[in-house]
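All I have is the shape, not the residue letters:
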Ligand code: C5P
């Protein structure tokens, strides 16, 4: 049975392959993430088809960042597509503008705190203030919630700390970087199992390669769902 806590990242080469993958997975998965790579090669049309012809839910991972007026206009357009989740950078002015753009729709806005590919040296190069990355992530999550974010994207390692924030009450946490026991890590370094990510306070987990590279993606997804608390 599909469980909307599992979101499968459709990071396959193009929209055609993505549609085929969702058909292969079938009823086992109800919620898919479409990222920037796919967006520039037919991703919005794919999202539309999955939503309206196959009854799926879509998380559009765009990580928008711009002046408020531009973010608001972009989100107002996207809000007409019946998408479920959209990411923007977690800066308060961006989150606030995105929420205004999404007003009147069911689109939920998620703030990205700090990209997990960045280390302290990268943050220094971007002139981001000193401090431990984890502390900066927690502070940025709190600020994103205060600006109205419906949720944040976080590493499973940070999920429990974010869940404990008073600002996180009734808000959502979505965690990528999740690996079933025994699955290849790929380029993910700080991983947790699907079970532990949910136990630590995530509402949804995003899993890509362990599902779409599996010999039987439908079975791989079902096994992940069966492992959730
Ligand atoms: O294949 P895998 O399970 O690693 O895919 C995870 C998905 O989540 C990918 O689409 C990746 O871009 C995204 N993601 C991530 N780590 C983050 C943010 C997003 O892996 N910190």
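Done, it's in. Note that the structure is predicted; figures quoted are calculated from it, not measured. Residues are numbered from 1 along each chain as shown.

Pick out the residue in the chain sitting closest to the ligand.
Of all residues in the chain, the one sitting closest to the ligand is residue 208 (2.6 Å; CB to the nearest ligand atom). (Each C-beta comes from the backbone N, C-alpha and C, glycine too.)

all strands of the protein, in order?
For the chain, strands defined by DSSP state E occupy the ranges 6-9, 31-35, 57-64, 85-89, 108-112, 151-153, 172-175, 204-207.

Not counting sequence-adjacent ones, nearest residue to residue 164?
residue 201 (7.9 Å; CB to CB, 6 or more residues apart in numbering).

do you know how far the one you found is from residue 189?
Residue 201 is 21 Å from residue 189, where distance means CB to CB, to the nearest Å.

Comparing the two, which residue is more hemmed in?
The residue with more neighbours, out of residue 201 and residue 189, is residue 201; 18 against 10, by other CB atoms under 10 Å.

Quick one: list the elements packing against the worst-scoring helix or strand of the chain on mean pLDDT.
Lowest by mean pLDDT, DSSP states H and E among the helices and strands of the chain is helix 36-39, with a mean of 90. Here helix 36-39 touches strand 57-64, going by 3 or more CB pairs under 8 Å, 6 or more residues apart in numbering; DSSP states H and E.

Pull the residues that contact the strand it packs on.
4, 7, 9, 30-36, 39, 43, 47, 50-51, 71, 74-75, 78, 81, 83-89, 94, 98, 112, 174, 206 (CB atoms under 8 Å, 6 or more residues apart in numbering).

ok, now with 6 Å
7, 30-35, 47, 51, 71, 74, 83-88, 112 (CB atoms under 6 Å, 6 or more residues apart in numbering).

Do you know the pLDDT at the residue nearest to residue 164?
Each residue has a pLDDT score; the one for residue 201 is 96.

contacting residues for it?
159, 160, 163, 173.

Burial check on the residue of the chain closest to the ligand, number of neighbours?
So residue 208, with other CB under 10 Å, has 19 neighbours.

Mind listing the residues bridging to the nearest residue to it once chain neighbours are set aside?
Take residue 208 and drop its neighbours on the chain: the residue closest to it by CB to CB, 6+ apart is residue 9, 3.4 Å away. Following DSSP bridges, residue 9 is listed with bridge partners residue 33.

quick one: contacts for residue 9?
Going by CB under 6 Å, 6+ apart, residue 9 touches 33, 206, 208.

Repeat the analysis, applying 10 Å as the threshold.
Listed by CB atoms under 10 Å, 6 or more residues apart in numbering, the contact set of residue 9 reads 32-35, 38, 59, 61, 176, 206-209, 211-212.

can you check residue 6 too?
Counted by CB under 10 Å, 6+ apart, residue 6 has contacts 28-31, 178, 194, 198, 204-207, 211, 221-222, 224-225, 227-228.

Now for the residue lying closest to residue 207 once chain neighbours are set aside, how many residues are close by?
Residue nearest to residue 207 in three dimensions, not counting chain neighbours: residue 178, with 5.3 Å by CB to CB, 6+ apart. Residue 178: 26 surrounding residues under other CB under 10 Å.
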